[in-house]
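A.B. asks: After the sequence you'll find the predicted model.
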There are 2 protein chains.
Amino acid sequence: MTVSHSATELDKLNIALEEGAFKQISHTLNNTLRPSEVAHLIEKSPPKERHLLWSLIHQDLEAEVLQDLGDDVQAEILSRMNTSEVLAITESLETDDLADVMQQLPETVMRELLRSMDHQDRERLEKVLSYPEDTAGGLMNTDAITIRPDITIEAALRYLRRHDELPEMTDSLFVVSRKDSYVGTLPLTRMLVSDPNSTVREMMATDTPPIAAEMADDKVAQLFEQEDLVSAPVVDENNKILGRITIDDVVDVIREDADHSLMSMAGLDEDEDTFAPILKTTRRRAVWLGINLITAFIASAVIGVFEDTIEKVVALAVLMPIVASMGGIAGSQVLTLMIRGQALGHVERSNAGWLLNREIIVGVLNGLLWAIVVAVIAVLWFQDTTIGIIIGCAIVINLFAAALAGTLLPIILKAWGIDPALAGSVLLTTITDVVGFLAFLGLATFFYS
Amino acid sequence: MTVSHSATELDKLNIALEEGAFKQISHTLNNTLRPSEVAHLIEKSPPKERHLLWSLIHQDLEAEVLQDLGDDVQAEILSRMNTSEVLAITESLETDDLADVMQQLPETVMRELLRSMDHQDRERLEKVLSYPEDTAGGLMNTDAITIRPDITIEAALRYLRRHDELPEMTDSLFVVSRKDSYVGTLPLTRMLVSDPNSTVREMMATDTPPIAAEMADDKVAQLFEQEDLVSAPVVDENNKILGRITIDDVVDVIREDADHSLMSMAGLDEDEDTFAPILKTTRRRAVWLGINLITAFIASAVIGVFEDTIEKVVALAVLMPIVASMGGIAGSQVLTLMIRGQALGHVERSNAGWLLNREIIVGVLNGLLWAIVVAVIAVLWFQDTTIGIIIGCAIVINLFAAALAGTLLPIILKAWGIDPALAGSVLLTTITDVVGFLAFLGLATFFYS
């Protein structure tokens, strides 16, 4: 028994796909692999294979596979279905997964879907949909099991036994007052070791407060990480239980948030499908290249101002990329650290001053160190002391600017409601390019004229 | 009741720290905040405040706070303790947390610690320590509850009730044969709804295979994510149960892995403490700047070859950073997507060909698009058709090179056992800089001579 078949299975499937052995593939997809493994397989297949694989899945497995797919792939598959197919597939989804999938549907299909649901399901779904996707309310499921504080553990156990099964990831019951107000949490592990005659109130835990439905999803993730939670109750402003959040959904938030910084810094979307089709990819990338082209032209314009100086001393053209590059590298280090710090909730007003201070000192120290190294090499290379002094000074200036920009940009952008991971790197490069060329060529103009 | 006090508490604490109101701070740390919140507070404080806060924590809370701290901060705090303090603090840690902390200790303290433990604890710890930190064995805890398949559910419930408490994150019991071989998993949720007279064998689940102790931690994380697990059994090569992995430790792996790509691409360590002291930070950053300086000098050397051409046509110096910059941006987009794809397990030999193909087409398409835009601007700017043609061709060539390098570098580096996130961006920039300058200035030399 091995833990994951998918690595070798993929190779086998590829061969089978090439040979057109669809019966064999269909058997593997529907009988050998688990739905999550099928989803993983689909995600790592190029578009053509992807649709072939999807078409070979049994109808009763489709819903399970669909909910395990990334947003981008999900949207692509849903877009090829007609309304009745969408209705059939969404029937068996849980509320929170359904709410996620619904975001990918066109308005008309979504309305059709809501109409086709029974009253209770629609009400639950609408409750979840009424909160933004990136809040606790949007993450929650409505399948929490609640009990009263005044019954005995024995009665609570009897109550549980009346269920055919408990919802997945149920690690605790939520204790509510007669008015559905949250009172406390009763972990199953505690129930199982309690004296059956003790009451729920005696055994419940009250140390972890419930989550407000409006809480941002990254705060929810922080709370789950800090408190090692498996599930937690979600309440409205009146402390009334609305549902619960489970760790599997929180893990998705953590993965997406962490991916977000990485992908955004390269101008990519965190939902970006690794195997997106050519035209979609070209279009998305073109936008980012266009934005960066503006940056590049600004830098060129700065160089253009100093054409006469460069004509006199061509060595300047040879060395100038070094100044800009060192500034860019130093700046992205600071920027990356700040963006991660913001994501982890480490950076805030009260410690920003300390960080700025440290970064400036680090920037100047590294500036001095590398300024000397570069200056010595430049002097030896071009047999010109002046150019060594100029490039040394320019590097110190640019690393100072990089520290300043790397620290302050994310703080300012965040305060303005702009995503620092997305806008930060373009702005930073603009600053380090402009300051780098300006300092280096400006000093050169002064010294050589 | 609010969910997280830490935001406002930090401001209050800062004021209190400035005023020297240590009694008040100590009260907040030890009575108002949860240990995980104290850890979060310490992590987001500069070094001086950090040590002050640590010194104000009650001794019996220290262990709990310590295990919630990041590796870097943990090591820093442990390094200031003497052996007996370390022994005292580590007494109350769980096996897997203890194993983590031990990695931060000097050899002598570690041996002392092992000697001071009782036989059973030492044996357990040595079992965990015998596996590398980044494998299932290194992640696991030894507190799994095991039962036999042939007893009834009622007997199993009675057995549980004999415990004072169950280990944290216990969502299922592991069913083992008389020889301790793993047989299946019995979720608590299923136990609670089962007929008490049915046997464990009838009710247990056997669909999720156990995890091999040698499995890499990122594979473990993928499995937990795919299967929505809360805990899973770890077995040795003979299918004998060694322990269990719980979702809280997996969440840490996911967070660290995701951070790893982001931080490595900027030459930072994923454990990097946001508030690391100045000298440590300067040293770490200096190394990265030095490596990148070599790249910059290689690019300069390429420009140096064409000094004569630049002297003749200074506009080349003005426009050349655009070619290099567009290549760098396009290349990092591909590189980032590939690195994320590798981390998610999407990229492998069988689909690398498709990816390379797509990236080259996307690169050439975007190359053509932006080549035209840049060429037109260049012609208008410098009133010279030749320079437009030259820069257009150079951009297409460089975006082609960027697609090639961005796709192939991560695959080659990974095959060689080198971390693509760390080495990829430096190598990529070297390639796009060199190809960019070579294509642009080379074509220019040909056309203008």
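C.D. replies: In hand now; what should we look at? Numbers count the residues shown, from 1 in each chain, chains lettered A, B, ... in the order given.

A.B. asks: ok, which residues in the stretch 51-200 of chain A are in contact with chain B?
C.D. replies: A:68, A:157, A:160-161, A:163-171, A:188-190, A:192-193 (Cβ under 8 Å from any Cβ of the partner chain). C-betas here are computed from N, CA, C, even on glycine.

A.B. asks: And those residues, which of them are buried?
C.D. replies: By neighbour count, with 16 or more other Cβ atoms under 10 Å in any protein chain shown, those hold A:68, A:157, A:160, A:166-167, A:169-171, A:188-190, A:192-193 as buried.

A.B. asks: Tell me the backbone dihedrals of A:Leu289, please.
C.D. replies: Per-residue torsions, A:Leu289: phi -60, psi -40 (degrees, to the nearest 10).

A.B. asks: scratch that, A:Thr146 is what I was asking about
C.D. replies: Main-chain dihedrals, A:Thr146, degrees, to the nearest 10: phi -120, psi 150.

A.B. asks: Quick check: it touching A:Ile241?
C.D. replies: Yes: using Cβ atoms under 8 Å as the test, A:Thr146 is close enough to A:Ile241 to be in contact (6.2 Å).

A.B. asks: Can you name the residue of the stretch 151-300 of chain A that approaches chain B most closely?
C.D. replies: The minimum distance from the stretch 151-300 of chain A to chain B, using Cβ to the nearest Cβ, falls at A:Ala258 (2.9 Å).

A.B. asks: Repeat that for the stretch 1-150 of chain A.
C.D. replies: For the stretch 1-150 of chain A, Cβ to the nearest Cβ, closest residue to chain B: A:Ser36, 3.7 Å.

A.B. asks: Leaving out sequence neighbours, find the closest residue to that residue.
C.D. replies: B:Gln226 (3.7 Å; Cβ to Cβ, 6 or more residues apart in numbering or on different chains).

A.B. asks: Would you mind measuring from that neighbour to B:Gly424?
C.D. replies: Distance, B:Gln226 to B:Gly424, by Cβ to Cβ, to the nearest Å: 27 Å.

A.B. asks: Now for A:Ile25: which residues touch it?
C.D. replies: Contacts for A:Ile25 were tallied using Cβ atoms under 8 Å, 6 or more residues apart in numbering or on different chains; they are A:Leu13, A:Ala16, A:Leu17, A:Leu53, A:Leu56.

A.B. asks: in what helix or strand does it lie?
C.D. replies: helix A:22-27 (DSSP states H and E).

A.B. asks: try A:Ser92
C.D. replies: Judged by DSSP H and E, A:Ser92 forms part of no helix or strand.

A.B. asks: how close does the residue lying closest to it once chain neighbours are set aside sit to A:Arg244?
C.D. replies: Using Cβ to Cβ, 6+ apart and skipping the chain neighbours, the partner closest in space to A:Ser92 is A:Ala63 (4.5 Å). Distance, A:Ala63 to A:Arg244, using Cβ to Cβ: 21 Å.

A.B. asks: With A:Ser55 instead?
C.D. replies: Counting by Cβ to Cβ, the gap from A:Ser55 to A:Arg244 is 36 Å.

A.B. asks: which of those two has more neighbours?
C.D. replies: Just comparing A:Ser55 and A:Arg244: by other Cβ atoms under 10 Å in any protein chain shown the higher neighbour count belongs to A:Arg244, 27 against 10.

A.B. asks: In contact with the closest residue in space to A:Asn398 that isn't next to it in sequence, which residues?
C.D. replies: Spatially, and ignoring its direct neighbours in sequence, A:Asn398 is nearest to A:Gly327 (3.6 Å; Cβ to Cβ, 6+ apart). By Cβ under 8 Å, 6+ apart, the contact set of A:Gly327 is A:Ile395, A:Asn398, A:Leu399, A:Ala401, A:Ala402, A:Thr432, A:Asp433, A:Val435, A:Gly436.
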